[in-house]
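Peer 1: Test case, fold it:
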Amino acid sequence: MIKQTVALVGNPNSGKTTLFNQLTGSKQHVGNWPGVTIEKKVGVFTYEEHEITLVDLPGIYSMSPYSMEEVVSRDYIMDEHPDLIINIVDGTNLERNLYLSMQLKELGLPMVIAVNMMDELIQKDIELNIEQLSRELNTPVVPISARNGQGMDELIHSLIHNTNSSTFTYDVQTEEILKRIISLIQEKKHDGTHEKFYAFKLLENDELIKKEFDFTPEQYKALEDIQKDFCVIKNQRDIDMAVADTRYAEIERIVSMSLCKPCVSEMKSASDRIDSLLTHKYLGIPMFFVILFGIFTITFGWLGSTLQGFVELGIETFSAWLSVSLVGLGASGWSINLVETVIGGVGSVLSFMPQIMLLFLFLSILEDSGYMSRAAFLMDRMLRKIGLNGKAFIPMLMGFGCTVPAVMATRVLENEKDRKMTMLLTPFMSCGARLPIYALFAGIFFPNNANVAIFGMYVLGIVVAIICGLLLRKTIFKGDGSTFILELPPYRFPSFKNTMMHMWEKAKGFLIKAGTIIFSMTVLLWFLTSFSFSLQMVDNPELSILGGIGQTIAWIFKPLGFGNWQSVISLMSGFIAKESVVSSMAVVYNAATSAQLDLILAQVFTHASALAFMTFTLLYSPCMAAVATIKSESKSWVFTLESILFQTGVAYIMAFIVYQIAKLVF
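Peer 2: Numbers count the residues shown, from 1 in each chain. Purely as a prediction, here's the structure:
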């Protein structure tokens, strides 16, 4: 068996992750917006006598890195020396994508170019001469449609049997300039690898590469003379423009020889017509919130409530049957109580499974359709007020799913201050794990307007993030914001397979938590509410271990309207996993079914305190996994602890304000 490592490289949103999933059978998150891949992913597949390790790298526009994710891609290609490269390009944006292809050719590594979106080219009556493109680039070119799985066998076969490691040949004058720089490189006793690539990077004054060679003053002077000569040849004052102009001149020539587009129509494209409404200067943001409100209305309206009712009925039926069976078997009272507590705790969370799946379904459709990039574009103006830009909204949008990948996605930001500030604000975006808490309280206290109450939590998170951002930018994170460049991909019909896969992956993660963390927490809480510090079993939970702990610190939350020990303990369990707040309440209130828990909470909480509790759970410190991710990304325990205190402090203040206002209303 021949083992080979293949790097999958391409522009953001070119279809890399979709191709990766097709080839490896992996189930990485696929989305129609930049920033989906935030670290390299590895998968393995076999073909004939070859075992291929495929590495999916973050999307990059060029080999000149600016953000952390671009550094990951460049460092891997340059330092890890993959055996082969698959360069995937978007056939509908061939000119832009080939800029990276030209740089990859300069490396002299064996490579195959996969032209993706061929199905869209056919729909647009665009003819691409694959053979001509391959001749011009002196590289094997394979047409594919990663979304539909077309061209996969041809791509793998070409990768193994037809790769080409030759570099690209530019015009005579450019080649002479590059030879002069290669002579300087050889004076440093370089190992001879990637000489043409290094020559181009030195020509365009790449600081990282210049530091790597550590030229003498005389060699730097020679390099400056070469750059001046090149600018004269290309009739440009700026060396960066001269280099870019050289590459784009070749790209334009190649595309003109290979691509035949139909006559351009005066009519706008479908994407342009949709964008005229959804990205309108004044209507865009209201439309964004209308779309979100529509999603919440369906999710928590008749459809979501009906599906939840079926699940609750199933759980209650199973619980009753199991209790009767245990009594018939002569089981002890404490064991029956434990089983009922576990079913009640885990079941109280699982009952919200239909609504969680519906929400993730709609969010997946928004991502795959290309709308998420528009949302980031719309939010750019608002975020710029706090010194961030629309690119920071990408991690925040991901935060609606899970805070962990959202914090990791801050790597798309080039500025370190922007990254840390976004890490502080992203947990205010309500993750899916908080959804059962909102659904529980909204269903009890606002049964006729549950969708409005839950939608309000999500909007409140955005508003609080903006307000806190304004304060942080004027105090801790002073400075100018970075520029914002983001590709708006064309609208596409979401792939049914990818959409279902994305929804199931999120649902599976929720089920795994229910079967592990929430189950374990429920058993632990049962023990701590059933035994005293002397390890004597007690009938009154207030005399239990948890009761003692909760009563000691419950006074802190009295100004928020929920100063009882049961609520405090539930919030503490939420630090492990936010889903466990609901299951913890079922345990500490000894509720065997969801209906019993609803009745108990309706007596313990008021409308005002319920809103305050929902607000606190929205904003206080994220779960332990998210905190660990913040530590990993920031590389600072001090910053991590500051983020916990900051988010929990904001949660306390906002919950207090909401409680005081709500008391006047209800």
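
Peer 1: Show me the shaky parts of the stretch 151-300 of the chain.
Peer 2: Low-confidence segments of the stretch 151-300 of the chain (pLDDT under 70): 189-192, 262-269.

Peer 1: could you redo the last one with a cut-off of 50?
Peer 2: Filtered on pLDDT under 50, the stretch 151-300 of the chain yields the residue ranges 264-267.

Peer 1: For it, which segments count as helices?
Peer 2: Secondary structure of the stretch 151-300 of the chain (DSSP state H, counting those that start in this stretch): helices at 152-161, 172-187, 195-203, 207-213, 217-234, 239-258, 270-278, 284-300.

Peer 1: by contact count, what packs against the fourth one?
Peer 2: Using 3 or more CB pairs under 8 Å, 6 or more residues apart in numbering; DSSP states H and E as the contact test, the elements touching helix 207-213 are helix 195-203. Quick note: C-beta positions are derived from backbone N, CA and C, even for glycine.

Peer 1: now the helix it packs on against helix 239-258, angle please.
Peer 2: 130 degrees (axes from the mean of the first three to the mean of the last three CA atoms, to 10 degrees).

Peer 1: ranking the helices of the stretch 151-300 of the chain by burial, who's on top?
Peer 2: Sort those by mean neighbour count, taking mean count of other CB atoms under 10 Å, and helix 195-203 sits at the top with a mean of 22.

Peer 1: where's Ile291 relative to Leu109, distance?
Peer 2: Separation of Ile291 from Leu109 (CB to CB, to the nearest Å): 44 Å.

Peer 1: Now the top helix by length along the chain: average pLDDT?
Peer 2: Ranked by residue count and defined by DSSP state H, the top helix of the chain is helix 637-665. Averaged across helix 637-665, the pLDDT comes to 94.

Peer 1: Identify each buried residue in it, please.
Peer 2: Within helix 637-665, the residues that count as buried by 16 or more other CB atoms under 10 Å are 639-640, 642-644, 646-648, 650-652, 654-656, 658-659, 662.

Peer 1: elements contacting it?
Peer 2: Counting by 3+ CB pairs under 8 Å, 6+ apart, helix 637-665 packs on helix 416-425, helix 450-474, helix 607-619, helix 624-634.

Peer 1: Kindly recompute the last result at 6 Å.
Peer 2: Applying 3 or more CB pairs under 6 Å, 6 or more residues apart in numbering; DSSP states H and E, we find helix 637-665 packed against helix 607-619, helix 624-634.

Peer 1: need the least confident one among those, by mean pLDDT.
Peer 2: Sorting the helices and strands packed on helix 637-665 by mean pLDDT places helix 624-634 lowest, at a mean of 86.

Peer 1: For that one, could you pull out the residues that count as buried?
Peer 2: Going by neighbour count (16+ other CB under 10 Å), the buried part of helix 624-634 is Ala625, Ala626, Val627, Thr629, Ile630, Lys631, Glu633, Ser634.

Peer 1: could you give the angle of that helix to helix 637-665?
Peer 2: Angle, helix 624-634 to helix 637-665, by the same axes, to 10 degrees: 130 degrees.

Peer 1: quick revisit: now the helices and strands packed on helix 637-665 as JSON lines including distance to Phe441?
Peer 2: Shown next, in JSON lines, are the helices and strands packed on helix 637-665 (distance: least, CB to CB, whole Å):
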{"stretch": "helix 607-619", "distance to Phe441": "5"}
{"stretch": "helix 624-634", "distance to Phe441": "22"}
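
Peer 1: Quick one, which of those gets closest to Phe300.
Peer 2: The minimum distance between Phe300 and those falls on helix 607-619, with 13.5 Å, by CB to CB.

Peer 1: Which strands or helices does that closest one pack on?
Peer 2: By 3+ CB pairs under 6 Å, 6+ apart, helix 607-619 packs against helix 435-445, helix 450-474, helix 637-665.

Peer 1: Nearest spatial neighbour of Ile126, chain-adjacent residues omitted?
Peer 2: Lys261 (5.3 Å; CB to CB, 6 or more residues apart in numbering).

Peer 1: is it true that the one you found touches Asp125?
Peer 2: No. With contacts counted by CB atoms under 6 Å, Lys261 stays clear of Asp125, the gap being 8.2 Å.

Peer 1: which residues touch the lengthiest strand in the chain?
Peer 2: Counting by DSSP state E, the longest strand found in the chain is strand 2-10. Strand 2-10 is contacted by residues 16, 20, 49-57, 77, 82-88 when judged by CB atoms under 6 Å, 6 or more residues apart in numbering.

Peer 1: so Val89, which of the three states?
Peer 2: strand (DSSP: H, G, I helix; E, B strand; the rest coil).

Peer 1: so how far is Pro489 from the residue lying closest to Pro82 once chain neighbours are set aside?
Peer 2: For Pro82, ignoring the flanking residues on the chain, the nearest one in space by CB to CB, 6+ apart is Ala7 at 4.0 Å. According to CB to CB, Ala7 stands 23 Å off from Pro489.

Peer 1: if I look at Tyr491, how far off is Met287?
Peer 2: 14 Å.

Peer 1: Could you list every helix and strand in contact with the helix or strand Leu19 falls within?
Peer 2: In this assignment (DSSP states H and E), Leu19 forms part of helix 16-24. Secondary-structure packing of helix 16-24 (3+ CB pairs under 6 Å, 6+ apart): strand 2-10, strand 41-47, strand 50-56.
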